[in-house]
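> sequence first, predicted model second:
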Amino acid sequence: MKVSCIKNNLQIGLAITSHLSTKNIQLPILNNVLLVAKNGNIRFTSTNLEIAVSCLIRGKIDEEGEITIPSKLFYDYISLLKEEKINLRNEDSVLYLEAGENRTKINGLPSSDFPLVPAVSAEKVFLIPVDSFREAISQSVFAAANNESRPELSGLLLNFKNNKLTIAATDSYRLVEKKIEVPSELTNETSVIVPAKTILEAHRIFSLFKDFSDSPSEVQISLSENQIVFTYGSTELISRVVEGNFPDYQQIIPQTFQTEARVNRDDLINTVKTASLFSRSGLFDITLVLDPNGSIKVNAADATRGENSASTKAEVSGIENSVTLNFRYLLDGLQSMETEEVLFKMIDGSNPCLIKPHNKEDHLYIIMPIRQ
């Protein structure tokens, strides 16, 4: 292989692909990125056996070839170079780099040892506005379960129906539902559970291109029986999907309420943060009291630190009501919303509470109470 590239192209390719590589003693090849120069294209590929990412970069190919290189070392070295043009060639399993007066060789591993990333035969393809999708991910992925004891909860549900993509995530203590308008006609309902790690990796890649004026406005999502592919420009992310059934969460969303409050989001966040300083360690409990006289009071008490009662103005309708919540979960939901005001709705202290942006119907957050 003998190629030449500008530094910026190499950096972008490595920024996209090198993130997946982690130290793996049993399979050291997974620490490497696969570099292939073929058919006029230079492609970087990395995988952790569950997710694979590949991208094409521009460059001049004098001789075709391929090699795998330690991705972190490769990225760190390229980032430190001042020269714009970099020449690369490989002999056996060694990559030689020339950039101005710099001469470097990096020991790699044969490309034949790199895991095969199979092509996915797409059965269904959807086009999603990338800005809306990126925003929806940031507003929902935090609610997925962190452990995989119940694999279906460690992923996000993507449901395509009626010109809408609905994203849902839950760890059984809270639930997010976010809807996105999809331009193309969706005739049949399709659902898939995607690992949260995959969704986060897709979000990271989209964010890398956020400030590029020539970035595509849509991401293509392709589904097969057990895999999903996100295609964004010349970048492709392939992942397995989660087997199993996502909980039928619609049945836990309350439809009627005894108390509803409309409140400034930032004011409520600040009030919750103030009270949270006195919540019990490990329980993270605070109590909200919704007062029809026009306030939401937030109380917290800890035997070792003391207690606090804070209050913020709110338009409250219905009966006076109170509920004890995990303040971390409450803040996650409030901070994921972007409207100036939010609606807080509840039945009583033992039923789920609903939070949603004021005057928006595409986003809701459910939080379970802490039972006393």
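Structure received. None of the values given here were measured: they were computed from a predicted structure.

> residues in contact with residue 90?
Applying Cβ atoms under 8 Å, 6 or more residues apart in numbering, we find residue 90 in contact with 1, 65, 67, 96, 108. Quick note: C-beta positions are derived from backbone N, CA and C, even for glycine.

> can you classify the residue positioned nearest the centre of the chain as helix, strand or coil?
The centroid of the chain falls nearest to residue 200 when counting by Cα atoms, centre = their mean (2.8 Å). Following DSSP: H, G, I helix; E, B strand; the rest coil, the label given to residue 200 is helix.

> surely it meets residue 141?
Yes: counting by Cβ atoms under 8 Å, residue 141 is a contact partner of residue 200 at 6.0 Å.

> what packs against the lowest-mean-pLDDT helix or strand in the chain?
For the chain, scoring each helix and strand by mean pLDDT, DSSP states H and E identifies strand 124-129 as the least confident one, at a mean of 92. Other elements packing on strand 124-129 under the criterion 3 or more Cβ pairs under 8 Å, 6 or more residues apart in numbering; DSSP states H and E are strand 174-181, strand 218-223.

> give me the sheet partners of it and which way each runs.
Applying DSSP bridges to the sheet, strand 124-129 is found paired with strand 218-223 (antiparallel).

> C-terminal to the strand it pairs with, what's the next element?
strand 227-232 (DSSP states H and E).

> for residue 299, what are its contacts?
Residue 299 touches 275, 286, 287, 289, 307, 308, 309, 310, counting by Cβ under 8 Å, 6+ apart.

> what strand or helix carries residue 17?
helix 7-17.

> next structured bit after that helix?
strand 32-38.

> what does the least confident helix or strand of the chain contact?
160, 165, 180-184, 186, 190, 217-223.

> filter those down to the buried ones, ChimeraX style.
The ChimeraX selection below is limited to those of those classed as buried (16 or more other Cβ atoms under 10 Å):
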select :160,165,180,182,190,218,219,220,221,222,223
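
> shouldn't residue 76 be within a strand?
No: using three-state DSSP, the assignment for residue 76 is helix, not a strand.

> if I look at it, how far off is residue 205?
20 Å (Cβ to Cβ, to the nearest Å).

> who's more crowded, those two?
Comparing residue 76 with residue 205 by other Cβ atoms under 10 Å, the one with more neighbours is residue 205, at 23 against 12.

> in the helix holding residue 17, which residues are buried?
Here helix 7-17 shows 7, 9, 10, 11, 12, 13, 14, 15, 16, 17 as buried, counting by 16+ other Cβ under 10 Å.

> tilt between that helix and strand 32-38?
130 degrees (axes from the mean of the first three to the mean of the last three Cα atoms, to 10 degrees).

> before we move on, back to that, looking at the helices and strands packed on strand 124-129, which is closest to residue 115?
Nearest to residue 115, of all those, is strand 218-223, at 20.5 Å by Cβ to Cβ.

> let me see the mean pLDDT of that closest one.
Averaged across strand 218-223, the pLDDT comes to 94.

> and it, how far from the chain's centre?
16 Å (Cα atoms, centre = their mean, to the nearest Å).

> now do stretch 20-38
Relative to the chain's own centre, stretch 20-38 is displaced by 23 Å; criterion: Cα atoms, centre = their mean.
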